[in-house]
Every structure is written in C-alpha cells, then in structure tokens.
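S.K.: Sequence and predicted model, in that order:
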Amino acid sequence: METGTDEGRIGVVAYERDQRPDTALAQAVQRLQVAGLTPRGLLQHGKAGCASTCAALFLDDIGTGREIQIFENRGAATRGCRLDPSGLAVAASWLREAVEARPHVLFVNRFGQRECEGQGLREEIGAAVVAGIPIVIAVSKLLLPRWRAFAGEDTTMLAADPEQIEGWCARSAQAARA
C-alpha cells in the first residue's frame, strides 16, 4: 500500500519468491511513456529453464532497448544458477547512463542478494538518490529487512499494479521537478 501524501522518494514493489513483478513494471513503463514522461533504467524478463538448465534471465535497457543475459550458461551438467558478473557489470553501466540522463523516474529491476552484500547495483541506486531521481525497485519480501537497512524508511510500498506504480511515478516526478 502507498503511504498517502507522505510518500518516500523510492517506490518499492515487494514480491513473494514465487511471484514476479516484471509484467506490472513493464506495463507501468509503457503507461508513463504514453503519458509523456521519461522512464529509464532496467527491466527484467526471463524464459523458463528445464530440469537440466537455468532459466534464461535478461535485463532490458528502457532507454535504448539493449538487452543482456545475466545468468551464466554453465551447461546441462552443472547444478544451480549463477549471476554472470560481466553481464551485471554491463547492466550497471547502462543504469549509470540512465542516471546521467536525468529521467523523470528510474526503474531498477531488483534489489537482490548481490546488493545485500554491498555489490550489484548499489552504487547506481545511491547515485540516483543523490541526484534526486525517483526510483522504482522490486524487492523480494524475504530481503525487505536488508533493503530497509540499506535505504532507510524513505520508501513507499507499491503493489505490483501498473496503475498504482504509474500514479506514484507521476506524482514523484512532479515533486522532484518542482
């Protein structure tokens, strides 16, 4: 739920492990673009794997349409999936470019385990906060305590609902530009 008029500068879409907010985030981006706002950042989408392979997980750059796979393809004989550090580094550079472009709102695909460990996209999230750019980020409900330890309480909880996300983004973009 939103916190009403006392909204934070970061919109958090919390999700359960077996749920993914990716479709709602993509729809919110489309709605913002139609409304004439400029969202930038990263959206995540995946293709399911089978019993012998990991899912194919991709990040899309909202501003350019570039796409990168971020799970290593380790072959059918390996166990477990691993985030590809080089893919994540490329995605981080895209996110830095997005922050530098000063969009109305920045979308960050996830605050995950790497960010909890002080790595991943933490620096880019911090740069957006310092720049005063409203941020929408997906956070697993299991990681919410670690998110709060990182970001503090200046957040607004949002449902995985494109209309609610769009409304928060529009209000936050207007307040940031005032």
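M.R.: Arrived safely, thanks for sending.
S.K.: which residues does the residue nearest to Arg177 when sequence neighbours are not counted contact?
M.R.: Closest residue to Arg177 apart from its sequence neighbours, by Cβ to Cβ, 6 or more residues apart in numbering: His104 at 7.6 Å. Backbone N, C-alpha and C define where each C-beta goes, glycine included. His104 sits next to Leu32, Leu37, Thr38, Pro39, Pro134, Cys169, Ala173, Ala176, Arg177 when contact means Cβ atoms under 8 Å, 6 or more residues apart in numbering.
S.K.: Torsion angles phi and psi at His104?
M.R.: Torsion angles at His104 (phi, psi; degrees, to the nearest 10) stand at phi -70, psi -40.
S.K.: Relative to Ala149, how far out is it?
M.R.: Distance of His104 to Ala149, computed by Cβ to Cβ, to the nearest Å: 28 Å.
S.K.: Equivalent analysis for Asp61, please.
M.R.: 29 Å.
S.K.: So which of the two has more stuff around it?
M.R.: Of the pair Asp61 and Ala149, Asp61 is the one with more neighbours under other Cβ atoms under 10 Å, namely 20 against 10.
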